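Colleague: Sharing a sequence plus its predicted fold:
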Amino acid sequence: MEIKQGYSYHIKDEFFDFVQDKYLMGNKENGNYRPHFLAIQDNKNEELFWMIPISSQVDKYKIIMEKKIKRYGKCNTIVIGKFAGRDNAFLIQNAFPIIKKFFDHVHTIENNPIMIHSKLNRELTVNLREVIAMYRRGIHLIFPDIDYIQGKMEELLNAR
């Protein structure tokens, strides 16, 4: 399976069992694939992808966004945008790195893969890279332990 940036994917349960990070938004409902995750390719390692959970709970996340904007003047950890024709919340605050081995399948509607609009893809990519850079400087705006997860993914890549 070819992984393409800007598409939504489902992740194997095996990934969540392997990583065991309590802050990851894992698959729900006994093996059903929720949430969907938007894939953004890492800018340094082409075998690594950053997954951004997509939530339909827009009203919940709009409230959180408003609080962050009021307190900090902006919110780059949550983005509201169209996915499959509806508003959704893209949760950069819950992003994490992953490798191809753990992708299950691309998200489709009527057998058509769902891609986000290029403008939204750019906004999410810019915000993700900004939030990761802040994380690397000690400002932890992302809940999962991305250093630990990235290390585990790189170990698997190096063991091949």
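Modeller: Cool, the structure landed.
Colleague: going forward, measure contacts between C-alpha atoms and count neighbours the same way
Modeller: Fine.
Colleague: Pick out the residue closest to the middle of the chain.
Modeller: Ile52 (1.3 Å; C-alpha atoms, centre = their mean).
Colleague: So for the one helix or strand it maps to, mean pLDDT?
Modeller: Per DSSP states H and E, Ile52 falls inside strand 48-55. Regarding strand 48-55, the rounded mean pLDDT is 95.
Colleague: which residues in this protein form helices?
Modeller: 13-19, 58-72, 118-136, 146-158 (DSSP state H).
Colleague: angle of the strand holding Ile52 against helix 58-72?
Modeller: 110 degrees (axes from the mean of the first three to the mean of the last three C-alpha atoms, to 10 degrees).
Colleague: residues making contact with the least confident helix or strand in the chain by mean pLDDT?
Modeller: Lowest by mean pLDDT, DSSP states H and E among the helices and strands of the chain is strand 108-109, with a mean of 84. The contact list for strand 108-109, computed with C-alpha atoms under 8 Å, 6 or more residues apart in numbering, reads Ile114.
Colleague: Listing partners with orientation, what would you give for that strand?
Modeller: Neighbouring strands of strand 108-109 in its sheet, by DSSP bridges, are strand 112-113 (antiparallel).
Colleague: centre of the chain versus the partner strand, how much separation?
Modeller: 19 Å (C-alpha atoms, centre = their mean, to the nearest Å).
Colleague: For Lys70, see how far away the closest residue in space to Lys62 that isn't next to it in sequence is.
Modeller: The shortest distance from Lys62 to any non-neighbouring residue, by C-alpha to C-alpha, 6 or more residues apart in numbering, is to Ile80 (7.8 Å). For Ile80, the distance to Lys70 equals 17 Å [C-alpha to C-alpha, to the nearest Å].
Colleague: same check, this time on Lys60
Modeller: Lys60 is 16 Å from Lys70, where distance means C-alpha to C-alpha.
Colleague: which residues touch the closest residue to Thr125 other than its chain neighbours?
Modeller: Nearest non-adjacent residue to Thr125, counting by C-alpha to C-alpha, 6+ apart: Ile40, 6.8 Å away. Residues near Ile40 by C-alpha under 8 Å, 6+ apart: Lys4, Gln5, Gly6, Phe49, Trp50, Met51, Ile52, Thr125.
Colleague: Thanks a lot, catch you later.
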